[in-house]
Structure formats: structure tokens, C-alpha cells
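In: the sequence and its predicted three-dimensional model are supplied below.
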Amino acid sequence: MKIVVIIVLLAIIVLMSQALTRLVRGTSHGLLLALTWRVGLSISLFIFLILAGLMGWIRPNF
């Protein structure tokens, strides 16, 4: 479970760095694509963590 979350977080960071380099270079199509994937992965990770908490796969530390 932890490995999946870490891999998705690393993918989000890579996509953010790709978007930054494309912003600096001026390539708007690549920028839009990288940011779209980043937002999609972020939303998917958020929903996955909520569902995993509700199903009992993970427990919060209060």
C-alpha cells in the first residue's frame, strides 16, 4: 500500500518538473498535457486514500 502511494507521489513530482521545464521552454501543448496528468493523478490518489480508509485498508493515526 505504501509503495503505491509513494510511486504515485513521485510521478506527480516528475510531472510537475516536466511542466516547469516546458513552461520555461515555451511549449504549451506539453505543459497542458503534463499538468492534466498531474491533476488527474492527484485527484485519483485522494479518492484512493479516502476509499482505503473507509474500507479499512489503512488506519489514520490520531
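Out: Noted; the coordinates are in hand. Because the structure is predicted, anything quoted here is derived from the model rather than measured.
In: pLDDT score assigned to Arg59?
Out: Note on Arg59: pLDDT of 86.
In: quick one: list the elements packing against the helix or strand hosting Gly40.
Out: Assigned by DSSP states H and E, Gly40 belongs to helix 28-55. In this structure, helix 28-55 packs against helix 2-25, with contacts taken as 3 or more C-beta pairs under 8 Å, 6 or more residues apart in numbering; DSSP states H and E. Any C-beta I mention is one placed from the backbone N, CA and C, and that applies to glycine too.
In: show me what the helix it packs on is packed up against.
Out: helix 28-55.
In: buried stuff in the helix it packs on?
Out: Of all the residues in helix 28-55, those buried under the rule 16 or more other C-beta atoms under 10 Å are Leu31, Ala34, Leu35, Trp37, Arg38, Leu45, Phe48, Leu49.
In: quick one: the last one and Val8 touch, right?
Out: No: at 9.9 Å, Leu49 and Val8 do not qualify as touching, with contact defined as C-beta atoms under 8 Å.
In: okay, Gly30: pLDDT?
Out: Gly30 carries a pLDDT score of 85 in this model.
In: okay, now Ala19: neighbour count?
Out: As a burial measure, Ala19 scores 19 neighbours (other C-beta atoms under 10 Å).
In: chain neighbours aside, what residue packs nearest to it?
Out: In space, Ala19 comes closest to Ala34 once its chain neighbours are excluded; the distance is 4.0 Å by C-beta to C-beta, 6 or more residues apart in numbering.
In: look up how far Leu10 lies from the nearest residue to Ala11 once chain neighbours are set aside.
Out: Computed as C-beta to C-beta, 6+ apart, the closest residue to Ala11 that is not its neighbour in sequence is Leu41, at 6.0 Å. Distance, Leu41 to Leu10, by C-beta to C-beta, to the nearest Å: 10 Å.
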